[in-house]
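Participant: Sequence plus predicted model, see below.
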Amino acid sequence: MAGEKIAVKSELIGSFNVQNILAAAAAAKALRVSAHAIKAGIEKLNYVPGRLERIDSASGFDVCRLCTQSGCFAAGFAKFSGVQEKRIITVFGCGGDRDRGKRPLMGETATKYSDLTIITSDNPRREDPLAIIADIEAGIDKEKIEKLTASLFGNGNSTHVYMIVPERRQAIETAINLAQKDDIILIAGKGHEDYQIIGTKKTPFDDKIVAGEALKMKGNR
């Protein structure tokens with residue numbers, strides 16, 4: 001019925017998910033789906049794989065994986081930046097054999113909104129991973145953003161710094177090992193993908209699984 005209102009709750013996070021929910025609800029209503037069914041459908045969806053998806057953590061900090069497309073990269077920062085007393089640690093890289101122009105822009109955005117940015121590999125494909133990282137690093141304002149090693153980021157007060165960790169597994173493990181209570185880790189780039197492409201070879205690699213293993217190891221220490 002036109003003008004009908006329904007109250008819903010959703011476990012999805014990020015303003016882009018609000019927009020997606022509204023669009024889906026409007027389309028369903030136009031197809032004469034009942035308000036009850038629309039409400040149930042919205043509340044049943046716990047997450048969309050790789051789209052600002054929370055990874056279970058009992059370590060006192062949040063971990064999310066996200067893609068760098070469909071507004072998800074920016075949405076991650078929009079959701080969490082400005083939250084008092086919470087540091088944002090971002091892990092990301094850029095794909096090889098793809099648009100090189102966005103790499104410095106992503107480096108600029110990530111370091112602007114993150115307390116620590118860990119630049120790593122994504123799917124380098126046939127490009128040199130270090131060359132891709134250099135393109136990302138070119139967009140970072142070196143006068144405002146300091147380059148650190150992991151040993152220098154641990155006092156809880158460091159803000160707007162970055163480091164280079166080319167191997168993606170190591171980068172994720174570094175982020176989780178450095179995280180403290182109430183920190184937020186954003187693992188960006190690959191989203192729902194469960195593989196990594198190096199050269200022309202596709203090998204199993206899932207950010208969610210790797211993060212889960214690192215969280216378990218941290219919890220056992």
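Facilitator: The structure has been received and is ready for your questions. Numbering: from 1, shown residues only.
Participant: Ranking helices and strands of the chain by mean pLDDT, which lands last?
Facilitator: helix 72-80 (a mean of 67; mean pLDDT, DSSP states H and E).
Participant: Quick check: next helix or strand after it?
Facilitator: strand 88-92 (DSSP states H and E).
Participant: who touches that following strand?
Facilitator: 68, 73, 76-77, 80-81, 106, 110, 113-120, 122, 168, 171-172, 175, 178-179, 183-189 (C-beta atoms under 8 Å, 6 or more residues apart in numbering). For the C-beta atoms, the positions are set from N, CA and C on the backbone; glycine is no exception.
Participant: What's the PyMOL line that selects buried ones from these?
Facilitator: Of the contacts of strand 88-92, the buried ones go into a single PyMOL selection, burial set by 16 or more other C-beta atoms under 10 Å:
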select buried, resi 68+73+76+77+80+106+110+113+114+115+116+117+118+119+120+122+168+171+172+175+178+179+183+184+185+186+187+188+189
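Participant: Give me the nearest residue to Thr203, chain neighbours excluded.
Facilitator: In this structure, Thr203 finds its nearest non-sequential neighbour in Gln196, 5.7 Å apart by C-beta to C-beta, 6 or more residues apart in numbering.
Participant: could you say which helix or strand contains that neighbour?
Facilitator: Judged by DSSP H and E, Gln196 forms part of strand 195-198.
Participant: looking only at pLDDT, what's the mean for the strand or helix carrying Leu105?
Facilitator: Here Leu105, judged by DSSP H and E, is contained in helix 102-113. In this model, helix 102-113 has an average pLDDT of 92.
Participant: what separates the helix or strand following that helix from the chain centre, distance-wise?
Facilitator: As assigned by DSSP H and E, the chain's next helix or strand after helix 102-113 is strand 116-119. Using C-alpha atoms, centre = their mean, to the nearest Å, the distance from the centre of strand 116-119 to the centre of the chain it belongs to is 12 Å.
Participant: Strand 116-119: partners in the sheet, and parallel or antiparallel?
Facilitator: Strand 116-119 has its sheet partners listed here by DSSP bridges as strand 88-92 (parallel), strand 161-164 (parallel).
Participant: Perfect, that will be all.
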